[in-house]
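**Q** below are the sequence and a predicted model for it; my questions follow.
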Amino acid sequence: MNQGSSTGTILEIRNLCVDYLTEKKPVRAVDRVNLTVKRGETLGLAGESGCGKSTLAFSILRLHKPPALIPEGEVIFNGEDILCMDEERLRRIRWNDISVVFQSAMNCLNPVVSIRDQMCDVILAHRNISKADAVAQAANLLERVGISPDRMNDYPHQFSGGMRQRVVIAIALALDPQMIIMDEPTTALDVVVEREIMAKLEELKHQFGFTILLITHDLSLLGEISDRIAIMYGGRIVELATSEQVILDPKHPYTNGLINSFPLLSGEKKVLSGISGFPVNLWDPPPGCYFAPRCEACMDICKRENPPLIEIEPGRQVACHLFPTPEGGAE
Ligand SMILES: Nc1ncnc2c1ncn2[C@@H]1O[C@H](COP(=O)(O)OP(=O)(O)OP(=O)(O)O)[C@@H](O)[C@H]1O
Ligand SMILES: [Mg+2]
C-alpha cells in the first residue's frame, strides 16, 4: 500500500475559502475552513444541502471550476500545499495519492465503453505497465469490490446502480491511493445496497489502510462508520468531534438539530423534531453566527459576532457562543 508513516496527519486544510463569482456578487461557499484529516481515519463531513460540502471536496484537489475561485487558504497533503503545486505534480497526486468518488459518480461511467476498458484507461494513464497487466489488475479490483471479473466486458447499462457504484469505487482504488474522498457515494441507492457497499468499503479500508473523507448528510451512516465527524453550516465548520460524541452528545445547537432530524439505526427510539427555518442564504448571510436566526439558544452576541471554532476539550471543537473562547485563547 502506498502509505507513508502510519500515524499523524495526512491532510490539513487551513483557512480555506471558496467563492462563487456570480453575476450579482461573490458567494462564499467555504468560509475559513480549518480541518485536519488523520492518516487512516474515516472522517465524516455532514450538513444540510447547500452548506458547501461538495465545494470543499472539489477544492481539496483543485477540481473546482469557474465561477468557483479559491481566494485564500492552504491544503497541505503530506506536507505539500496542493493549492501551490504545478499541474504535473497535481496530476500525480490525483488518483495516485488521493482519489475521488463524486456525487452521482455511477452515472458518469461512459455508456459506450466497457467496464474493462474504463478501468484500464485509468490504470494505463498513470502506470507504465502492459495492457495485459492492466486487465489483470482491473479483474483483481472488481473482485475486491465483490463483482465477478467475468462481467468486465459488459457495459455500464448492464449493471445495477449498486454494481456501477462498486465499479466506481474499484476505479477509485485502482492506483492504491492513500486517501479517498467520497461525496455522497451511495445517495442514489436503496438503503440495503448502501449498507452493503459501505460494509465492503470498511473491509477494504481495514485491508489496505487508506484514509477516507466521507461526505453525506446521512448522519446515521456516519455514526456507524466514521471515526470523527465534522459538521458544516453555511460554509463553516461548526463542530468536530468523535463520531460517538457528535451523535450522543452534540454541543452545537445545529448539530443537535441535525441529530434530532434523523432516525438513528441504533440507540433508543426518539421523536424527530427537525430544525425550524431555512438554511442560511449565502447570497445574503446574517451578521454574526449564521445559525442564529434558527437557533433556540440564540443570544445577543450571536447576532453580532461569528463565533470562532475553538477546542472545548482535547480533540473536540465547536463554533458557538455557548462555549466562549478561553481568556487569551486563539481563534
Ligand atoms: N456554480 C455555482 N454558482 C454559484 N453558486 C454555486 C455554484 N455551485 C454551488 N453554489 C452554491 O454554493 C453553496 C454550496 O454548494 P455545494 O454544492 O458545495 O453544497 P453541498 O453541501 O454539497 O450540497 P448537497 O448536499 O446538496 O450536495 C450553495 O449555496 C450553492 O448554491
Ligand atoms: Mg454536494
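**A** Yep, it's here. Since the structure is predicted, the reported quantities are computational estimates derived from the model, not experimental observations. Ligands and ions are numbered 1, 2, ... in the order given.

**Q** quick one: contacts for M182?
**A** If a contact means Cβ atoms under 8 Å, 6 or more residues apart in numbering, then M182 has 100-101, 172, 212-215 as its contacts. (Each C-beta comes from the backbone N, C-alpha and C, glycine too.)

**Q** check which helix or strand covers it.
**A** strand 179-183 (DSSP states H and E).

**Q** ok, the closest residue to P149 other than its chain neighbours - how many residues close by?
**A** Leaving aside its chain neighbours, P149 sits nearest to A139 (3.7 Å; criterion: Cβ to Cβ, 6 or more residues apart in numbering). Residues contacting A139 under the criterion other Cβ atoms under 10 Å number 18.

**Q** where's A139, which helix or strand?
**A** A139 belongs to helix 131-144, assigned by DSSP H and E.

**Q** and the next helix or strand past that helix?
**A** Helix 131-144 is succeeded, C-terminally, by helix 161-173 (DSSP H and E).

**Q** report the buried residues of that next one.
**A** 162-173 (16 or more other Cβ atoms under 10 Å).

**Q** what lies in contact with that helix?
**A** Helix 161-173 has contacts (Cβ under 8 Å, 6+ apart) with 99-101, 105-109, 115, 118-119, 122, 138, 141-142, 144-147, 151, 156, 159, 180, 182, 185-186, 188-189, 193, 196-197, 200-201, 204, 208, 210.

**Q** swap in stretch 75-82?
**A** Under Cβ under 8 Å, 6+ apart, the answer for stretch 75-82 is 4, 10-14, 16, 59-62, 74, 83, 89-90, 93, 97-98, 178-179.

**Q** for V135, see how far away the closest residue to Y233 other than its chain neighbours is.
**A** Nearest non-adjacent residue to Y233, counting by Cβ to Cβ, 6+ apart: Y254, 5.1 Å away. The spacing between Y254 and V135, counted by Cβ to Cβ, to the nearest Å, is 49 Å.

**Q** now R127
**A** With Cβ to Cβ as the criterion, R127 and V135 are 13 Å apart.

**Q** tell me the residues of the stretch 51-200 of the chain that contact ligand 1?
**A** When proximity is defined by Cβ under 6 Å from any ligand atom, the stretch 51-200 of the chain lies next to ligand 1 at 51-55, 67, 103.

**Q** so which of these wins on neighbours?
**A** Neighbour max across those (other Cβ under 10 Å) = C51, 27 neighbours.

**Q** does the residue nearest to that one when sequence neighbours are not counted sit in a helix, a strand or a coil?
**A** Among residues not flanking C51 along the chain, M232 sits closest, at 4.6 Å (Cβ to Cβ, 6+ apart). Classification of M232 using DSSP: H, G, I helix; E, B strand; the rest coil returns strand.

**Q** quick one: pLDDT of the closest residue to D97 other than its chain neighbours?
**A** Nearest residue to D97 in three dimensions, chain neighbours excluded: Q178, at 5.2 Å (Cβ to Cβ, 6+ apart). Per-residue confidence (pLDDT) for Q178: 97.

**Q** and stretch 253-262, anywhere near ligand 1?
**A** No - counting by Cβ under 6 Å from any ligand atom, ligand 1 has no neighbours in stretch 253-262; the shortest distance is 12.4 Å.

**Q** show residues contacting that stretch.
**A** 46-48, 218-220, 231, 233, 238-239, 246-247, 250, 270, 272-275, 291, 294-297, 320, 322.

**Q** of those residues, list those near ligand 1.
**A** G47.

**Q** what's the local residue count around G40?
**A** Counted with other Cβ under 10 Å, G40 comes out at 19.

**Q** repeat for T22
**A** Residues lying near T22 (other Cβ under 10 Å) number 11.

**Q** quick one, what contacts it?
**A** Counted by Cβ under 8 Å, 6+ apart, T22 has contacts 67, 283.

**Q** tell me how far it lies from P66.
**A** 11 Å.

**Q** could the residues of the stretch 51-200 of the chain next to ligand 1 go into TSV alongside pLDDT?
**A** Compiled in TSV, those are given as follows (pLDDT from 0 to 100):
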residue	pLDDT
C51	96
G52	97
K53	96
S54	95
T55	97
P67	96
Q103	78
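
**Q** which ones among those residues map onto helices?
**A** 53-55 (DSSP state H).

**Q** for the stretch 151-300 of the chain, which segments count as strands?
**A** 179-183, 211-215, 228-233, 236-242 (DSSP state E, counting those that start in this stretch).

**Q** okay, the angle between the second one and strand 228-233?
**A** Per axes from the mean of the first three to the mean of the last three Cα atoms, to 10 degrees, the angle that strand 211-215 makes with strand 228-233 is 30 degrees.

**Q** quick one: residues in contact with strand 211-215.
**A** Residues outside strand 211-215 that contact it (Cβ under 8 Å, 6+ apart) are 10-11, 37-46, 53-54, 57, 60, 178-185, 201, 205, 222, 225-226.

**Q** how close does the residue nearest to P149 sit to ligand 1?
**A** The gap separating A139 from ligand 1 is 33 Å, by Cβ to the nearest ligand atom, to the nearest Å.
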